[in-house]
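Participant: Quick one, structure for this:
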Amino acid sequence: MLHTEFITPTRSHDWEAVTYAPAVPRRHTADRIEGESFQTKNQVLNRLPTSTLRGIAPHLRRVDVQREQFLFQQDDDLEFIYFPETAVISELHLLDDGRMVEVALSGRNDAIGVACLYNALHISNCVIATQAGSLLRMESVLLKKYCQTEPDLPRLLHSTLESYIRQISQRAVCNMYHSIQERLCTWLLLVDELSGRKTLRLTHEQISRALGVYRPSITCIALELRHAGMIDYKRGGISIIDRSALGKAACDCYQELRSDQDRF
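Facilitator: Have a look, this model is predicted:
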């Protein structure tokens, strides 16, 4: 049976409150499992041949993370690679003034830490859970060994890296040319699709950090979207009410980013 590790949250669920949870523990002793009985929602792993999945399954450990919990701090050792299942993960770049801006958003179609295949020893950005959920993780040293004998594994991991590069390129253009409201609508739709939940556990602070803007701007725009009947929010979360209208209010980047996920 696959061992599951759970970390208790250390912060309020209030719409405005933000208190970071502890980082995911770095050490563990994983229970071995049989490949035939292994099930996951991560699409990278699900696309592997059965024989390959059977080989790496005993080295995977399921970890449950809470919202605002770090997987990696900036410059951490790239000790693990993560395969999100139900968690939504943000990669954040730390600015000189202490602010953090989201550069990528990952979910069940992704793998996090693929740079280890290129002999990277440290991660350059912070990686944090935007939405609580589960991930599978594997020691990067073991993964690199399997990549030498299982050709399908590096092929799929390289495809996630290609998708990652396209995403950060698209978002660079988006941040330069599109309005805050368009970007907010796009971001909410993407998080909603990756999480698969009716209510997103989000704070104004989380959203403003992801978009690289000040929180009062998010508060004003969220109120406008609520009055327009596109979203609703209350203590603890936000829900999309009219997806079609929100999609029309989003920028063109939404369809580009979504199409990229569909291609994978």
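Participant: Quick one: low-confidence residue ranges for the stretch 1-150 of the chain.
Facilitator: Segments of the stretch 1-150 of the chain classed as low confidence (criterion: pLDDT under 70) are 1-22, 25-37.
Participant: Ignore what I typed, I meant the stretch 151-264 of the chain.
Facilitator: Across the stretch 151-264 of the chain, residues meeting the criterion (pLDDT under 70) sit at 236, 261-264.
Participant: where exactly do the helices run in the stretch 101-250 of the chain?
Facilitator: With DSSP state H, counting those that start in this stretch as the criterion, the stretch 101-250 of the chain has helices at 140-147, 152-177, 180-195, 204-211, 215-227, 243-249.
Participant: how much space is there between the most far-flung residue of the chain relative to its centre and residue 220?
Facilitator: With distances taken from the mean C-alpha point of the chain and given as CA atoms, centre = their mean, the most distant residue is residue 227, at 29.0 Å. For residue 227, the distance to residue 220 (CB to CB, to the nearest Å) stands at 11 Å. (C-beta placed from N, C-alpha, C; glycine too.)
Participant: One more: residue 54?
Facilitator: Between residue 54 and residue 220 the distance, using CB to CB, works out to 53 Å.
Participant: neighbour-wise, which of the two wins?
Facilitator: Just comparing residue 54 and residue 220: by other CB atoms under 10 Å the higher neighbour count belongs to residue 54, 16 against 12.
Participant: hang on, that one is in a strand, isn't it?
Facilitator: No: with DSSP: H, G, I helix; E, B strand; the rest coil as the criterion, residue 54 is helix rather than part of a strand.
Participant: What's the separation between it and residue 46?
Facilitator: Where residue 46 is concerned, residue 54 sits at a distance of 13 Å (CB to CB).
Participant: try residue 211
Facilitator: Counting by CB to CB, the gap from residue 211 to residue 46 is 31 Å.
Participant: Neighbour count: these two, which is higher?
Facilitator: Summary of the neighbour comparison: residue 211 and residue 46, criterion other CB under 10 Å, with residue 211 having more neighbours (21 against 14).
Participant: Skipping its backbone neighbours, what lies nearest that one in space?
Facilitator: Of all residues not flanking residue 211 in the chain, residue 183 sits nearest, at 5.4 Å (CB to CB, 6 or more residues apart in numbering).
Participant: Residue 187 versus residue 52, what's the distance?
Facilitator: Using CB to CB, residue 52 is found at 34 Å from residue 187.
Participant: ah, wrong one, I meant residue 150
Facilitator: 35 Å.
Participant: These two: which has the busier surroundings?
Facilitator: Taking other CB under 10 Å, residue 150 and residue 187 do not tie; residue 187 has more neighbours (24 against 18).
Participant: List the contacts of stretch 183-196.
Facilitator: 86, 88, 105-108, 130-131, 133, 174-175, 178, 200, 202, 207, 210-211, 218, 221-222, 225, 230-231, 238, 240, 243, 246-247, 249-251, 253-254, 257-258 (CB atoms under 8 Å, 6 or more residues apart in numbering).
Participant: re earlier: and residue 97, which of the helices of the stretch 101-250 of the chain is closest to it?
Facilitator: Comparing these by their distance to residue 97 (CB to CB), the top pick is helix 204-211, with 12.8 Å.
Participant: Kind regards, and thank you for your time.
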